[in-house]
Structure formats: C-alpha cells, structure tokens
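Enquirer: Okay, structure incoming, though there's no sequence with it:
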C-alpha cells in the first residue's frame, strides 16, 4: 500500500526537516490517525515527490525528508480545459475529475448562460475552494504537478489565454463540423472549451471561431456541462494521451 501523500508549499530537499502546515498536520494526525514515524510522501508542485517520515512532538508536526523520486505522472498530451462557470457542486466535481484525468491547466470563464454570477469577494472564495479541491485531487491521484485553476474576467480573455498556451483550440458543440476524435491532428496540446448549462450562445461561438477555435462534435447525444468536459478529456487521453 502506498504511503499517504501531502502537498506542502515549500522547498523540499533530502535530509531536511519540514514543518507541516496546520491543515496537513490535522489531516495526517486527526483524520488518518498516523503515528510518529509513519511513512508519508510529500510534493510541492515543482516536480517529483519525496519519501519522508512523520515526526510528532506535542502540537508540532514535521516530516523528515529522506529520498527524492523524480517520477512524474503527467500526460504527454496537454489539455487546457476552458470551463464556463457552473453551479457549485457541478463545478467542484468537474474540476476534481479534470485533475484526475490529467488536465494540464484549468481556465474558468463567464458565459451568457452561466447561472452563476459572482462578485469579486465570492469569486475569490470559490477560487480558493477550487484550489483546495485540485490539491486534494493531486494527492489522491499521484500527480506531482498542480494545475491551479485560473479565472478569466471575460470569455474572450480566457479563450485567448488558452489558445496561447495550447496552440490549438476546439469548442464542443452539438453542431460541430469535425468529430472530436479528429480535432487534435498531430498536436501534443489542445485547448478544450466547454459551455455552461445550455451551452455557449451563437455570439460566443462566433467569438471563439474568430479567435481560432474550431467547433467539434462529440456524438449524437447532448451532454450536460459537468459531463461534457470530463468525457471529452477521457476520450482525448485515450486517443492521444497516457490512456492509450
């Protein structure tokens, strides 16, 4: 059985004693009930992971870093998921599963049909919750790179950023001219845009096309927004990534 994995946002090195953040220490000792000397795995998002030993001393919890392993579990096919804002639980689930399926980046964008409208304060709270979900998903699935979700102020900004990162972009649409299976060609990266409940409207689809996105179809059935991105990610990884 593999040792529990924890994310620590600090420098790690063999032989170092690392103070554990309060949330990590609580999860290790109160939730998982790990004992002093338990084997754990630490990662900081900069690549690779570190075998370590838990050290408990009163209210302080640290870990002694013993060995570095440069293992990576990233897909060779880098998908940037551009996801329109959706209701809380749906978006939480989408982001979590996108991480598990190897999304290289996650961009959240507003859309005309989004049922969620957030002011600056509420959006900051949602972004923090989604960051926590991403970290937990990385701990669970073994990824050592953390695709921290980013929020764009406008749909145009989000699409442009995704296209700059990936070089090629597709928008999932029931009336798309090209099947998703043929969308990537020989590319090793792709931006995948998923609309909200009801999809992107005609003006938004036209904007995406002007920016360089092509509309692609994904079968005859219309999928819910929380299903579409995850199903498309799984298909792309099976066709071009590490699920082949």
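Expert: Perfect, thanks for sending it. Everything numeric in this text was worked out from a predicted model, so none of it was measured. Numbering: from 1, shown residues only.
Enquirer: rest of the way, CA atoms for contacts and neighbours
Expert: Fine.
Enquirer: what does the domain assignment say about this structure?
Expert: Per automatic domain parsing, the domain ranges recorded for the chain read 5-69, 78-240.
Enquirer: Could you say which of those domains is packed most deeply?
Expert: Among those, domain 78-240 has the highest mean neighbour count (mean count of other Cα atoms under 10 Å), at a mean of 19.
Enquirer: chain center to that one: distance?
Expert: Domain 78-240 has its C-alpha centroid displaced from the chain centroid by 10 Å (Cα atoms, centre = their mean, to the nearest Å).
Enquirer: Any stretches of this protein with poor pLDDT?
Expert: 1, 58-59 (pLDDT under 70).
Enquirer: Let's see that with 80 instead.
Expert: 1, 57-59, 88, 115-120 (pLDDT under 80).
Enquirer: Let's check: the centremost residue of it is which one?
Expert: residue 99 (3.7 Å; Cα atoms, centre = their mean).
Enquirer: my guess is it meets residue 137, correct?
Expert: Yes - at 6.4 Å, residue 99 counts as touching residue 137 under the criterion of Cα atoms under 8 Å.
Enquirer: can you list contacts of the longest helix along the chain?
Expert: Longest helix of the chain, by residue count under DSSP state H: helix 120-141. Applying Cα atoms under 8 Å, 6 or more residues apart in numbering, the set of residues contacting helix 120-141 from outside is 5-7, 92, 95-97, 99-100, 144-151.
Enquirer: Go through these and flag which are in helices.
Expert: By the criterion of DSSP H, membership of the contacts of helix 120-141 in helices covers 92, 95, 96, 97, 99, 100.
Enquirer: quick one: which of these is nearest to residue 242?
Expert: Set against residue 242, the nearest of the ones in helices among the contacts of helix 120-141 by Cα to Cα is residue 100 (12.1 Å).
Enquirer: This protein: strands as residue ranges?
Expert: For the chain, the strands defined by DSSP state E occupy 5-7, 17-19, 39-43, 49-57, 60-69, 78-84, 105-109, 150-151, 169-172, 178-179, 189-194, 213-217.
Enquirer: which one of those lies closest to residue 31?
Expert: Among these, the nearest to residue 31 by Cα to Cα is strand 5-7 (13.0 Å).
Enquirer: and the closest one, what does it pack onto?
Expert: Using 3 or more Cα pairs under 8 Å, 6 or more residues apart in numbering; DSSP states H and E, the elements in contact with strand 5-7 are strand 39-43, helix 120-141.
Enquirer: partner strands of that strand, parallel or antiparallel?
Expert: Partners of strand 5-7 in the sheet, by DSSP bridges, are strand 39-43 (parallel).
Enquirer: Compute the inter-axis angle for the strand it pairs with and strand 49-57.
Expert: Here the directions of strand 39-43 and strand 49-57 differ by 120 degrees (axes from the mean of the first three to the mean of the last three Cα atoms, to 10 degrees).
Enquirer: the inter-axis angle of strand 39-43 versus helix 120-141?
Expert: Going by the same axes, to 10 degrees, strand 39-43 makes 130 degrees with helix 120-141.
Enquirer: residues contacting the nearest residue in space to residue 90 that is not next to it in sequence?
Expert: What sits nearest to residue 90 in space, not counting adjacent residues and going by Cα to Cα, 6 or more residues apart in numbering, is residue 226, at 5.9 Å. By Cα under 8 Å, 6+ apart, the contact set of residue 226 is 90, 91, 93, 94.
Enquirer: again, only using 7 Å
Expert: In this structure, residue 226 makes contact with 90, 91, 94, judged by Cα atoms under 7 Å, 6 or more residues apart in numbering.
Enquirer: ok, what's across the strand from residue 150?
Expert: With DSSP bridges as the rule, residue 150 is bridged to residue 107.
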